[in-house]
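Novice: Predicted model follows, preceded by the sequence.
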Amino acid sequence: MRGKTMAQHFSVDGSSITASAAAIGRAAPRVSLIRSVSAIAVSATLVMAPMTPLSAAVVLWAPNADGFWDVAANWNPGLPGATDDVTISVGGAAVRTTTFRSGTVTINSLASDEDLAVTGGTLTISNAYTNTQATRLQGGTLTLNGASSLASLSHTNGTLSGTGVVTVSGAATLTSAAHRGSGQTILQGATTLGTGGISLDEGRVVEFRGGVTTGTSFAFNLEAFNGGGGGILRNAAGSTFVDSTTSAN
């Protein structure tokens, strides 16, 4: 019997206990009382047992090969979900590429020693994202809500979003790059601003720390999504800004 059913069947108020106790002089009622009290104890145990929270699982990229995120066979034990900590590290001599191409997926964290390419859909990482290889944002949306550390960033289309601080230690290329959300993008290495430029919204801060070189044309667009708040494009002290444009917007 489930705990709820037992609790409804047996009464633990004073009158029921007294009524049963009054019959203790006869053998059968004594057995009935013992059974009743025992059942009440079991019922209380079932009802009061605490719930065990779901814990995060570690999900690993399985093949020593390039592949698509949405293919279940590429993951051990299966496709990553919202509470999962994901690791992409095959350990081979060749650097592999995991491509996120479609769908809407949220995971808890991601640690990668391989290239990550986002070409479509929306990938949200709730906490830390670290990648010792290349991160390529070529379409779709990559939302980073935790502290993120990237070895390099090639952002040639799509949207980088989120509330976290994204630090790129190496080279970065921004071409038709949209940055939104209340987080920051800190570019510590040399940065190239290509054709199409950069769009900022929702208070996004993009800070150059390792020098900037523009292409022959460059556009800077505030409130690109009409979300309000605009954004800040900042060249830190000691970071050079080389303007190679023949036209700018």
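Specialist: Arrived safely, thanks for sending. Keep in mind that this is a model prediction, so the values were computed, not measured.

Novice: all contacts plus neighbour counts: C-alpha atoms, from now on.
Specialist: Fine.

Novice: so what's Ser109 up against?
Specialist: Taking C-alpha atoms under 8 Å, 6 or more residues apart in numbering, we find Ser109 in contact with 84-86, 125-129.

Novice: can you tell me how far the residue most central in space within the chain sits from Arg204?
Specialist: In the chain, the C-alpha closest to the average C-alpha coordinate belongs to Ile125, at a distance of 2.0 Å (C-alpha atoms, centre = their mean). For Ile125, the distance to Arg204 (C-alpha to C-alpha, to the nearest Å) stands at 18 Å.

Novice: Remind me what the longest strand that the chain contains packs against, helices and strands.
Specialist: Longest strand in the chain, counting residues (DSSP state E): strand 129-144. Applying 3 or more C-alpha pairs under 8 Å, 6 or more residues apart in numbering; DSSP states H and E, one finds that strand 129-144 makes contact with strand 109-112, strand 115-118, strand 122-125, strand 148-161.

Novice: Let's have the ones you listed in a markdown table, adding mean pLDDT and distance to Thr195.
Specialist: Formatted as a markdown table, these follow (pLDDT from 0 to 100; distance: least, C-alpha to C-alpha, whole Å):
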| stretch | mean pLDDT | distance to Thr195 |
| --- | --- | --- |
| strand 109-112 | 98 | 29 |
| strand 115-118 | 98 | 20 |
| strand 122-125 | 98 | 24 |
| strand 148-161 | 98 | 9 |
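
Novice: I'd like those strands laid out as a markdown table, including distance to Gln184.
Specialist: As requested, the helices and strands packed on strand 129-144 are exported to a markdown table (distance: least, C-alpha to C-alpha, whole Å):
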| stretch | distance to Gln184 |
| --- | --- |
| strand 109-112 | 18 |
| strand 115-118 | 19 |
| strand 122-125 | 15 |
| strand 148-161 | 9 |
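
Novice: just so I know, which of those strands lies nearest Ala56?
Specialist: Shortest distance between Ala56 and the helices and strands packed on strand 129-144, using C-alpha to C-alpha, is found for strand 109-112: 9.9 Å.
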